[in-house]
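Asker: Show me how the following folds:
(chains A and B)
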Amino acid sequence: MHIMEGFLPHPWWEIWFAISLPVVAYGVYKMNQLVKEQRDSLPLLAVAGAFIFVLSSLKLPSVTGSCSHPTGTGMGAILFGPWITSVLATIVLVYQALFLAHGGLTTLGANVFSMGIAGPIVGYLVYKAAMGSRLNLYLAVFLAAMLADWATYLVTSIQLALAFPAATGGFLASFKAFALVFAVTQVPLAIVEGAVTALMFKYIFQLRSDVLLRLKVITPATVSRMKEASL
Amino acid sequence: MKLEYITLAVVLVFFAAFAYVSSTGNHEWGGADGEAENVIADLTGGSYQPWFQSIYEPPSGEIESLLFGLQAAIGSIIIGYFLGYYRAMAKIKAQAGPDGKDEGLNAHPAR
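Answerer: Down below sits the predicted model:
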């Protein structure tokens, strides 16, 4: 999902910065608030950030014969919501832009939007909807993480298509071309990410369901339901 | 343990698919990010030039994989540390008995 350095022309790179910057700024504010008010959620915050670090460093081969990487943002989105997750994702993207020449500083705004904002928003909404319809907790996490991952790559395709509309067929034709590269390759990866995130979430749930309750990730009803399910 | 098995199965299927695709033809296994670059070249007839270059590029593939490995290692350490911490805390709590109000837990409250 990294749009390479210099590959977004004017005015697009400015537009994505203008959208992402306030979100990340508000995310920093929310994060400070969280750290101040709920000290015991700090380790989970570190774990959510570290999870993004690990998953986004793994370039996995896909069925299309090319490699791509998961995003790891679903976990953060479920635990802390999209605002705070946008900050965590930004840290990773800056690291990769500075040291790995993956993504770039000029395309940071766009990359933060796809991986740090759009993906987490989708993940968060999917999780809330799934919990609202009383799905199994781990299944809800699976769906949320999978769709957050996939949405990220769809959004990257949209961003590139907007910046580079095809001469014939315009935005749609170009979106199809980019989605073929990104979205199709990402399907198996997104499924793996969903499964791994669900497993990770299981351990967190088993060890610190009290913090999850306080963060309003789960309700007491979820806890009693999960006791019966025993996955 | 059920979820562990399900996750393991998903990962195995993933790598089986990789092995299968690998055996069925020549694939470059290049990055999708780089392939998007080719799509841009196709769409613009090769006329688009990136207007900014990365200020630092890993000098070789080895160094790049070192940095990616570091990224994964840093993340793994943090996850392992805190999950281990949580696990030990849970154990101390269980040993302290059902009331959980003894010194074992409260002498070192979770930050």
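
Asker: just the strands in chain A please.
Answerer: A:60-61, A:67-68 (DSSP state E).

Asker: for the ones you listed, which one ends up most surrounded?
Answerer: Comparing those by mean neighbour count (mean count of other Cβ atoms under 10 Å in any protein chain shown), strand A:67-68 comes out on top with a mean of 24. All C-beta spots, glycine's among them, are computed from the backbone N, C-alpha and C.

Asker: mean confidence for it?
Answerer: Average pLDDT, strand A:67-68: 94.

Asker: touching chain B at all, it?
Answerer: Yes. Strand A:67-68 lies within reach of chain B by Cβ under 8 Å from any Cβ of the partner chain, at A:Cys67, A:Ser68.

Asker: tell me the mean pLDDT for the longest helix that chain A contains?
Answerer: Longest helix in chain A by number of residues, with DSSP state H as the criterion: helix A:170-214. Here helix A:170-214 scores 95 as its mean pLDDT.

Asker: what packs against that helix?
Answerer: helix A:42-55, strand A:67-68, helix A:73-99, helix A:137-163, helix A:220-229, helix B:2-23, helix B:32-43, helix B:61-95 (3 or more Cβ pairs under 8 Å, 6 or more residues apart in numbering or on different chains; DSSP states H and E).

Asker: quick one, the fifth one and helix A:137-163 angle?
Answerer: On the basis of axes from the mean of the first three to the mean of the last three Cα atoms, to 10 degrees, helix A:220-229 is oriented at 120 degrees to helix A:137-163.

Asker: Which residues does helix A:220-229 contact?
Answerer: If you take Cβ atoms under 8 Å, 6 or more residues apart in numbering or on different chains as the criterion, helix A:220-229 is touched by A:Met131, A:Arg134, A:Asn136, A:Leu137, A:Phe205, A:Ser209, A:Leu213.

Asker: who's in contact with the residue nearest the centre of chain A?
Answerer: Nearest to the centroid of the C-alpha atoms of chain A, with distances taken as Cα atoms, centre = their mean, sits A:Thr73, at 3.0 Å. By Cβ under 8 Å, 6+ apart, the residues touching A:Thr73 are A:Ile52, A:Thr85, A:Leu88, A:Ala89, A:Met115, A:Gly116, A:Gly119, A:Pro120, A:Gly123, A:Ala148, A:Asp149, A:Thr152.
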